[in-house]
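J.: Predicted model and sequence below, questions to follow.
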Amino acid sequence: MLEFKLQKTDGRTKARVGLIRTDHGTIRTPVFMPVGTRGSVKAVEQRELLEINAPIILGNTYHLYQRPGMDIMRNFGGLHRFMSWPRPILTDSGGFQILSLSGLRKLSDEGVEFRSHIDGSYHFFTPERIIEVERTIGSDIMMVLDECPPYPSEREYVAKSIELTHSWAMRCKEAFSSSAPYYSHNQFLFGIVQGETYLDLREKSARGLIEADFDGYAIGGLAVGEPAEEMYKVTDFVTGLLPMNKPRYLMGVGTPENLLEAVERGVDMFDCVLPTRNGRNSQVFTSFGKLNVRNAGFASDENPLDGECDCYTCKNFSRGYIRHLFSVNEILGLQLASLHNLRFFISLMERTRSAILNDRFTEFKNETLYQMNTNKKEEN
């Protein structure tokens, strides 16, 4: 079983800190996980990820299955060795990507048939096949195959969907339990709670997974278009059901505010493409809000992106220089902005952890959000 040590719980909220121990290192929670979909965090190299203290990154099963493919992955001995990453890796099962293909996929009780978005070839993923693929990738934490209903969906559709997701999860658990890692490190399996915004369906999904005793539990199907208040309500409800002694992962979330609100509701792990996607589009996150560094007002600005940030970008380069890089389409601009954004998100969770340990999480959250919202600069 995955070793998760709960170190402290906030006295006024559900916020908590813990340690997740894997063979590739210990993950201190709450934690933000950079997204490396295809075995690479966009515009940021592995050395830099280590320098900004990224404790774990994500890979995506669907995309890695497509390219480079499992023969190459097996030949290299798994994703850690393939991409020269020494720390833990979590892999999404690829269910979200497959099911977002719309007309290119067909769902059944057995699994999901889909056409590759690359060459149109046909493939079939069963829960058993997903486990085999994730074993081949060699991630430390594996996710079960699930269906993520679009928002909004009719209750009848969601009810059927969680039955399918539960069936797939049980088959994933059986395939996982009856197989062994392909490489020299342990792997662990998380279940995914679905049910859209229907709380009774969320409860049904959660209780079924808890009974199966997974290594950890993810909350899926949020941050897909529902109002933030609904996301927080569902998150709070589901964490109230999940066991205290297992990690909780809110998938695909989100903004700095989303992270702090979810930590308050008992979430341990997060991932999102926002830091790198927004960074590549010249938007940076700072302690006083967001900045669009293409703004002409920064042309002669000698200040760093964020004077409170300890990243390489902020220690060495001015807003004016980074604006220049974007203005002349230099790739370095994308790299420096993405690097800063990732460090900002990772640092936010480090500071959140410290605040919980020092019994001042609520004060820290309120101060941080106030500073971001009241002192923010022009974003456009």
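T.: Received it, and whenever you're ready, just let me know what you need. Residues are numbered from 1 along each chain as shown.
J.: Just give me the residue closest to the centre of this structure.
T.: Asp271 (1.9 Å; CA atoms, centre = their mean).
J.: ok, that one touching Thr37?
T.: No - at 10.4 Å, Asp271 does not count as touching Thr37 under the criterion of CB atoms under 8 Å. Heads up, the C-betas are built off the backbone N, CA and C, glycines and all.
J.: Mind listing the shared neighbours of these two?
T.: Leu58 (CB atoms under 8 Å, 6 or more residues apart in numbering).
J.: Domain map for this protein?
T.: 3-272, 279-374 (automatic domain parsing).
J.: now these as TSV including mean pLDDT?
T.: Below are these laid out as TSV (pLDDT from 0 to 100):
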stretch	mean pLDDT
domain 3-272	96
domain 279-374	97
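J.: Leaving out chain neighbours, which residue sits closest to the residue nearest to the centre of the chain?
T.: Met33 (4.3 Å; CB to CB, 6 or more residues apart in numbering).
J.: quick one: that neighbour and Glu45, what's the gap?
T.: Look at Met33 and Glu45: by CB to CB, to the nearest Å, they are 17 Å apart.
J.: So which of those two has more stuff around it?
T.: Ranked by neighbour count (other CB atoms under 10 Å), Met33 and Glu45 place Met33 first, with 23 against 13.
J.: I'd guessed the more buried one sits against Ile57; true?
T.: Yes - judged on CB under 8 Å, Met33 makes contact with Ile57 at a distance of 6.1 Å.
J.: for this structure, longest helix please?
T.: In the chain, taking DSSP state H as the definition, the longest helix is helix 331-357.
J.: just how off-centre is it within its chain?
T.: 14 Å (CA atoms, centre = their mean, to the nearest Å).
J.: Buried residues, that helix. List them.
T.: Using 16 or more other CB atoms under 10 Å as the test for burial, helix 331-357 gives 333-350, 352-353, 355-356.
J.: returning to that earlier point: list the residues that contact both of Met33 and Ile57?
T.: Counting by CB under 8 Å, 6+ apart, the residues touching both Met33 and Ile57 are Leu90.
J.: Return the distance of Val41 relative to Val112.
T.: 27 Å.
J.: my bad, Ser40
T.: 26 Å.
J.: Name the residue in the two with the higher neighbour count.
T.: Val112 (24 against 15).
J.: and that one, backbone torsions?
T.: phi -130, psi 130 (degrees, to the nearest 10).
J.: That one contacts Ile98, correct?
T.: Yes - the pair Val112 / Ile98 is scored as a contact, 5.5 Å apart, by CB under 8 Å.
J.: Next one: the residue lying farthest from the centre of the chain from Tyr321, what distance?
T.: The C-alpha centroid of the chain is most remote from Ser300, which lies 36.0 Å away (CA atoms, centre = their mean). The spacing between Ser300 and Tyr321, counted by CB to CB, is 11 Å.
J.: before we move on, what about Met83?
T.: 30 Å.
J.: In stretch 360-378, which of the residues would be classed as buried?
T.: Neighbour-count burial for stretch 360-378 [16+ other CB under 10 Å]: Phe361, Thr362, Phe364, Lys365, Thr368, Met372.
J.: Tell me how far it lies from the chain's centre.
T.: 23 Å.
J.: now do stretch 267-281
T.: Counting by CA atoms, centre = their mean, stretch 267-281 comes out at 8 Å from the chain centroid.
J.: Render the CA-only coordinates of it in PDB, please.
T.: The C-alpha coordinates for stretch 267-281 follow below in PDB (Å, rounded to 0.1, in the frame of the first residue of the first chain):
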ATOM      1  CA  VAL A 267      -7.400  18.400  -1.000                       C
ATOM      2  CA  ASP A 268      -3.800  17.300  -1.100                       C
ATOM      3  CA  MET A 269      -2.800  17.200  -4.800                       C
ATOM      4  CA  PHE A 270      -3.400  19.400  -7.900                       C
ATOM      5  CA  ASP A 271      -2.400  19.600 -11.500                       C
ATOM      6  CA  CYS A 272      -3.200  22.100 -14.200                       C
ATOM      7  CA  VAL A 273      -1.800  23.300 -17.600                       C
ATOM      8  CA  LEU A 274      -2.500  27.000 -16.700                       C
ATOM      9  CA  PRO A 275       1.100  27.900 -15.600                       C
ATOM     10  CA  THR A 276       2.700  26.800 -18.800                       C
ATOM     11  CA  ARG A 277      -0.200  27.500 -21.200                       C
ATOM     12  CA  ASN A 278      -0.700  31.000 -19.900                       C
ATOM     13  CA  GLY A 279       3.100  31.600 -19.700                       C
ATOM     14  CA  ARG A 280       3.500  30.700 -23.400                       C
ATOM     15  CA  ASN A 281       0.800  33.300 -24.100                       C
END
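J.: For that stretch, list every residue counted as buried.
T.: Result for stretch 267-281 [16+ other CB under 10 Å]: buried residues Val267, Asp268, Met269, Phe270, Asp271, Cys272, Leu274, Pro275, Thr276, Asn278, Gly279, Arg280.
J.: All set now, cheers.
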